[in-house]
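**Q** structure for this input, please:
(one chain, ligands or ions: 2)
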Amino acid sequence: MKIEVITLRELHMRLKAPFETSFGVTQDRRILLVEVIADGIRGWGEVTALETPAFNSETTDTAWHVISDFIAPGIVGRTIERASELATLTDHIRGHEMAKAGIENAIWDAEARQKGAPLSKLLGGSLEEIACGVSLGIRDNPASLIAKVEEELDHGYQRIKLKIKPGKDIEFVGAVRRSFPKAVLSVDANSAYRLEDALHLKKLDEFGLLMIEQPLYWDEIHSHARLQALLETDLCLDECISNSRHAATAIELDACRIINIKLGRVGGHTSARRVHDICSTHGIPVWCGGMLESGVGRAHNIAMSTLPGFSLPGDISASRRYWNEDIIEPEVEVTPHGTIRVRQAPGLGYEVRQDAIDRLTVRTNRWKANIAVPAVASHRAPSKLEN
Ligand code: OSB
Ligand code: MG
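**A** Ligands and ions are numbered 1, 2, ... in the order given. The predicted structure is shown next:
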């Protein structure tokens, strides 16, 4: 596969409602999309960095910089056998997993389309229907949270995750648990607590939660091991797992008993597969995390979630929960029993809506190999660098 053209776009998309986590409120998304053309075949990827460095250290702008100045110039014009080689080509760039994943995943989509195979199959996935849960942002009061939980359970979602932070935790989770004694519930603190809060967090044990996600430092595994030893509830790590070595460390230290895999956070499909495999070897269940993605990122998440170790419901919900208008066709839909049926068309299995993308794009960068690009392969006259 010769990588002929890479196009990076920033899109502005507004979430239907503000989403509050322990680190802040998000509503206006600045989404980066990567489009590659390899051997005349187009593939799409999404960079899942947020606008601020509050989840991890990447942002929309750091990813724009790293892709524009380091990744894209280094790979355009190269010929590779398969998308899995990308990780080696970008290995010299420290960190910036989300930037790398945007590019690598676009090439995975192109490779799958070239082979006429669904991306899920190329990745080694086997599930044809995947289980879905929702992540609910922090709300003003328990009553409004309970109303939201009821609505999502009615839609069929199989697991409800509640975002928590100090002051909006025990009371809120307890109220939801009393209203829905049998619901599968989990919580996600996005690193809002410290090890000294262990006795406070231990109060969550009485609610029979499926897991407590990333309670402590975003980049620290060891303190989670100390906390896990004090709690009955399983811990799940999110922020502090950026690759399979981190996963191996966390498992060895018993820092968690569940791992959330986010494609962007671990640097793309190749690394995600390694994390998945290590977890499977050790009997650690995994599930797919979300980053308020557009349809492109959502479609990649669905493909990844078909790997056999994804035994818990992911944060992959219907397009319409987040967007008035998604940028893929058809939109992601969830069945009344809280699943997504995996589409079997080649690549992502969804088509990207060029009209919507053109309308939402606020800036574009493009790189092309020093060869004639077939006219059919590009929807606009490519220039070396557009800004
Ligand atoms: O920690 O899982 C998280 C959204 C933004 C940043 C971090 C997280 C989240 C979510 C949303 O929980 C999941 C989704 O996209 O539905
Ligand atoms: Mg999380």
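**Q** OK, contacts around residue 181?
**A** With contacts defined as C-beta atoms under 8 Å, 6 or more residues apart in numbering, residue 181 is in contact with no residue. For glycine as for every other residue, the C-beta is placed from the backbone atoms N, C-alpha and C.
**Q** and it, backbone torsions?
**A** Taking degrees, to the nearest 10, you get phi -60, psi -30 for the backbone angles of residue 181.
**Q** the residue in the stretch 151-300 of the chain positioned nearest to ligand 1 and residue 50, how far apart?
**A** Ranking the residues of the stretch 151-300 of the chain by distance to ligand 1 (C-beta to the nearest ligand atom) places residue 290 first, at 2.4 Å. The gap separating residue 290 from residue 50 is 12 Å, by C-beta to C-beta, to the nearest Å.
**Q** quick one: the longest helix seen in the chain near ligand 1?
**A** Within the chain, and with DSSP state H defining each element, the longest helix by residue count is helix 97-115. No - no part of helix 97-115 sits close enough to ligand 1 to count as contact by C-beta under 6 Å from any ligand atom; the gap is at least 11.5 Å.
**Q** C-terminal to that helix, what's the next element?
**A** Per DSSP states H and E, helix 97-115 leads on to helix 119-122 as the next helix or strand towards the C-terminus.
**Q** that next one packs against which elements?
**A** helix 97-115, helix 295-304 (3 or more C-beta pairs under 8 Å, 6 or more residues apart in numbering; DSSP states H and E).
**Q** who are the packing partners of the following helix or strand past the last one?
**A** Downstream of helix 295-304, the next assigned helix or strand under DSSP H and E is helix 319-322. Counting contacts by 3+ C-beta pairs under 8 Å, 6+ apart, helix 319-322 is packed against strand 3-21.
**Q** touching ligand 1 at all, the next helix or strand after the strand it packs on?
**A** Following strand 3-21 in sequence order, the next helix or strand is strand 24-38 (DSSP H and E). No - figure legend: strand 24-38 not in contact with ligand 1 (C-beta under 6 Å from any ligand atom); closest approach 6.6 Å.
**Q** going forward, the N-terminal residue is numbered 506.
**A** Right, with 506 as the first residue, what we last looked at is strand 529-543.
**Q** ok, strand 529-543: who's next to it in the sheet?
**A** Strand pairing for strand 529-543, determined by DSSP bridges: strand 508-526 (antiparallel), strand 546-552 (antiparallel).
**Q** which one of the ones you listed has the most crowded surroundings?
**A** For the strands paired with strand 529-543, ranked by mean neighbour count under the definition mean count of other C-beta atoms under 10 Å, the leader is strand 546-552 at a mean of 26.
**Q** which residues outside it are in contact with it?
**A** Residues outside strand 546-552 that contact it (C-beta under 8 Å, 6+ apart): 536-542, 565, 568, 572, 603-604, 606-619, 769, 798-799, 801-802, 805, 852-853, 857, 882.
**Q** kindly write the ChimeraX command that selects the buried subset of those.
**A** Here is the ChimeraX command that selects only those of the contacts of strand 546-552 that count as buried (16 or more other C-beta atoms under 10 Å):
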select :536,537,538,539,540,541,542,565,568,572,603,604,606,607,608,609,610,611,612,613,614,615,616,617,618,619,769,798,799,801,802,805,852,853,857,882
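**Q** count of neighbours near residue 838?
**A** When neighbours are defined as other C-beta atoms under 10 Å, residue 838 has 11 of them.
**Q** how far away is the closest residue to it other than its chain neighbours from ligand 2?
**A** If the residues on either side of it in the chain are set aside, residue 838 comes closest to residue 823, at 5.6 Å by C-beta to C-beta, 6 or more residues apart in numbering. Applying C-beta to the ion, to the nearest Å, the value for residue 823 to ligand 2 is 19 Å.
**Q** that older thread, which secondary structure elements does the longest helix of the chain contact?
**A** For helix 602-620, the elements it packs on are strand 508-526, strand 529-543, strand 546-552, helix 565-571, helix 591-594, helix 624-627, helix 774-786, helix 800-809, judged by 3+ C-beta pairs under 8 Å, 6+ apart.
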